[in-house]
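Asker: fold the following, please.
(one chain, ligands or ions: 1)
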Amino acid sequence: MSADMDFRLEDIDDAEIARRLSIVEPLTDSVRDLVDAVIRTEVDDAELIAARTAIEAIVTRLRARQKDKGYGVAFTRDFTGMPWGNAATGARNAVAPPLRLSKVDGVTRGDVVLGAAYEGPGGHVHGGIAALLLDQLVGETAAADNMPSFTGTLTVRYLRPTPLGPVTLTGRVTGTEGRKTFVHGELSDADGVTVEADAVMIRPKSFPSRDQISAAITGHDTPTADKPTP
Ligand SMILES: CCCCCCCCCC(=O)SCCNC(=O)CCNC(=O)[C@H](O)C(C)(C)COP(=O)(O)OP(=O)(O)OC[C@H]1O[C@@H](n2cnc3c(N)ncnc32)[C@H](O)[C@@H]1OP(=O)(O)O
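Answerer: Model (predicted):
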């Protein structure tokens with residue numbers, strides 16, 4: 001399962017993480033804004049063609065140096081993870097709304113605004129987007145000590161359509177059994193729950209321990225993870 005997972009060391013401190021985020025998050029926000037603008041603009045065809053030319057020039061500049069595949073998950077030496085390509089939360093991923101979750105007293109919670117880019121039924125949130133956000137929610141709820149569990153089964157019930165706009169996610173662990181953690185998650189609008197999910201999260205038996213990942217990213221050992229690329 002984990003043999004080809006991308007763990008790599010970024011040997012940086014919190015100040016450098018903050019500096020990088022201060023550059024990249026506004027860029028990602030601008031791209032999100034671009035996506036929203038392309039969906040909602042009513043300018044004429046000539047303006048659309050001019051915009052495409054300008055955007056293609058930016059893409060060429062960004063591709064001057066780039067990674068071969070996805071962003072992967074980088075860790076600092078003290079094990080701060082930087083999943084900046086993540087589809088739900090990634091600081092570099094304009095597809096991500098982005099969702100920001102925090103855990104307080106055993107409850108994982110996050111607020112996010114879902115705009116035009118997340119539409120399914122007219123004016124309402126796409127069911128796949130709701131499932132994406134709930135999957136991330138149950139994943140972070142089940143995670144302990146920065147060590148992930150993988151979603152084994154995610155059962156999603158759509159109770160009523162979710163209007164585009166602000167939503168809240170809440171998740172809590174409902175039980176554990178060996179390597180399995182059971183999680184209940186809810187997505188709500190101002191009037192209450194619109195989508196709920198129950199998940200069986202599993203810590204894979206082949207997943208490296210935190211010590212093994214630390215050893216892998218600092219170059220002392222590569223037990224089951226890829227060799228790091230500092
Ligand atoms: C701080 C970090 C935060 C990160 C948040 C990230 C959130 C994102 C969450 C995701 O989207 S994860 C990506 C989507 N999920 C996957 O890609 C998982 C793909 N499947 C697998 O990797 C493996 O099938 C899995 C890890 C789920 C299970 O493999 P194992 O080899 O560890 O399972 P095994 O066969 O040993 O079974 C262990 C137990 O789990 C049960 N089980 C196995 N697969 C299951 C399944 N799919 N659903 C429910 N239960 C399952 C199995 O019956 C058994 O129960 P018992 O112990 O009671 O006998």
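
Asker: same for the longest strand along the chain, what does it pack against?
Answerer: Within the chain, and with DSSP state E defining each element, the longest strand by residue count is strand 165-177. In terms of contacts (3 or more C-beta pairs under 8 Å, 6 or more residues apart in numbering; DSSP states H and E), strand 165-177 is packed against strand 107-114, helix 127-142, strand 180-189. In this view, the C-beta of every residue, glycine as well, is placed from N, C-alpha and C.

Asker: nearest to the ligand, of these?
Answerer: Closest approach to the ligand among those (C-beta to the nearest ligand atom): helix 127-142, 2.3 Å.

Asker: need phi/psi at Gly152.
Answerer: Main-chain torsions, Gly152, degrees, to the nearest 10: phi -90, psi -50.

Asker: how about the residue sitting furthest away from the middle of the chain, phi and psi?
Answerer: Outermost residue of the chain with respect to the C-alpha centroid, by C-alpha atoms, centre = their mean, is Ala46; its distance is 35.7 Å. Per-residue torsions, Ala46: phi -60, psi -40 (degrees, to the nearest 10).

Asker: and it, how close does it get to the ligand?
Answerer: 43 Å (C-beta to the nearest ligand atom, to the nearest Å).

Asker: what sits against that residue?
Answerer: Shown in contact with Ala46 (C-beta atoms under 8 Å, 6 or more residues apart in numbering): no residues.

Asker: close to the ligand: what parts of the chain are there?
Answerer: Within reach of the ligand by C-beta under 6 Å from any ligand atom, the chain has these residues: 1, 135-136, 139-140, 143, 146, 148, 150-153, 178-180, 200, 202, 204-205.

Asker: on that earlier part again, neighbouring strands for the longest strand of the chain, and are they parallel or not?
Answerer: strand 107-114 (antiparallel), strand 180-189 (antiparallel) (DSSP bridges).

Asker: got the buried residues for the last one?
Answerer: By neighbour count with 16 or more other C-beta atoms under 10 Å, strand 180-189 contains the buried residues Thr181, Phe182, Val183, His184, Gly185, Glu186, Leu187, Ser188, Asp189.
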